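Novice: sequence and predicted structure, then a few things I'm wondering about:
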Amino acid sequence: MIRSAMFVLTGILTLTMVGVPSWAEYMAEPSPRLPRVKVMLGGEVFELEVATTTQTLRRGLMFRQQLADHEGMIFPFQPPRRVDFWMKNTLIPLDMIFTRGGQVVHVVHQATPCEDDPCPTYPSVHSVDMVLEVPGGTARRLAVQPGDPVRILPGGPAFRKDLPEAVPAQPLPGHFPD
């Protein structure tokens with residue numbers, strides 16, 4: 001038993017010494033360049049990064065110190081499902097716009113950065129196929145409400161058909177509550 005524990009401890013120390021990055025170091029790295037889509041919301045066009053991988057779904061907009069007025073991120077889900085988001089390690093307030101079939105089904109206004117554990121969660125309330133995160137205050141400024149249309153526009157580097165077909169059905173640690 002002691003020999004096994006020593007073996008595990010030696011392995012951990014070796015990994016630490018050879019430079020395996022910590023979770024904090026990993027998450028503090030700049031976001032990879034993500035595909036973008038243009039989305040019409042509330043009569044205005046937004047250019048949103050598309051979370052296309054498990055890593056980008058987990059990271060979301062964490063550690064961003066600012067976000068321009070018409071920027072944000074889109075999280076596609078196929079098949080549609082209920083999801084919970086949180087604001088852990090998110091530094092700026094965000095609006096979360098939950099959609100299904102090209103229509104808004106739920107809006108979270110001004111979700112604030114989480115400073116204490118456990119972080120509150122923001123549920124989709126209904127099954128959704130996309131979640132948009134945009135700068136806090138945007139949904140109120142545009143009077144976005146359930147039933148409003150959300151359209152992905154052609155002409156950007158990524159089109160609706162390019163969105164991932166499947167995002168894992170299980171909640172992901174990091175951007176979604178564990």
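Specialist: It's in. Numbers count the residues shown, from 1 in each chain.

Novice: where does the prediction get shaky in this protein?
Specialist: 1-32, 56-63, 155-178 (pLDDT under 70).

Novice: now do 90
Specialist: Within the chain, the ranges that satisfy pLDDT under 90 run 1-37, 49-69, 73, 75, 77-78, 85-93, 112-117, 119, 125, 154-178.

Novice: in it, where's the longest strand?
Specialist: Longest strand of the chain, by residue count under DSSP state E: strand 71-81.

Novice: how about that strand as CSV, C-alpha atoms only?
Specialist: Taking C-alpha atoms only, strand 71-81 is exported to CSV below (Å, rounded to 0.1, in the frame of the first residue of the first chain):
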residue,chain,number,x,y,z
GLU,A,71,-19.4,40.1,-30.5
GLY,A,72,-19.9,37.0,-28.4
MET,A,73,-20.1,33.3,-28.7
ILE,A,74,-22.6,30.7,-30.0
PHE,A,75,-22.9,27.2,-28.5
PRO,A,76,-24.8,24.8,-30.9
PHE,A,77,-26.4,21.6,-29.5
GLN,A,78,-27.7,18.8,-31.6
PRO,A,79,-29.9,17.1,-30.7
PRO,A,80,-31.6,19.9,-28.7
ARG,A,81,-31.4,19.5,-25.0
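
Novice: what are the ranges of the helices in the chain?
Specialist: Ranges of helices within the chain are 2-17, 23-28, 54-59, 138-141, based on DSSP state H.

Novice: list the helices and strands the longest strand of the chain packs on?
Specialist: Secondary-structure packing of strand 71-81 (3 or more CB pairs under 8 Å, 6 or more residues apart in numbering; DSSP states H and E): strand 44-50, strand 128-135. Just so you know, the C-beta spots here come from the backbone N, C-alpha and C atoms, and that holds for glycine as well.

Novice: distance to residue 92 and mean neighbour count added to those, as CSV?
Specialist: Compiled in CSV, the helices and strands packed on strand 71-81 are given as follows (distance: least, CB to CB, whole Å; neighbours: other CB atoms under 10 Å):
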stretch, distance to residue 92, mean neighbour count
strand 44-50, 15, 19
strand 128-135, 7, 24
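
Novice: figure out which of these is closest to residue 115.
Specialist: Evaluated over the helices and strands packed on strand 71-81, closeness to residue 115 peaks at strand 128-135, with 18.5 Å, by CB to CB.

Novice: excluding chain neighbours, what is closest to residue 108?
Specialist: Spatial nearest neighbour of residue 108, chain neighbours left out: residue 96 (4.1 Å); criterion: CB to CB, 6 or more residues apart in numbering.

Novice: who's in contact with the one you found?
Specialist: 85, 107, 108, 111, 122, 131, 132, 133 (CB atoms under 8 Å, 6 or more residues apart in numbering).

Novice: let's see 7 Å
Specialist: By CB atoms under 7 Å, 6 or more residues apart in numbering, residue 96 lies in contact with 85, 108, 111, 122, 131, 133.
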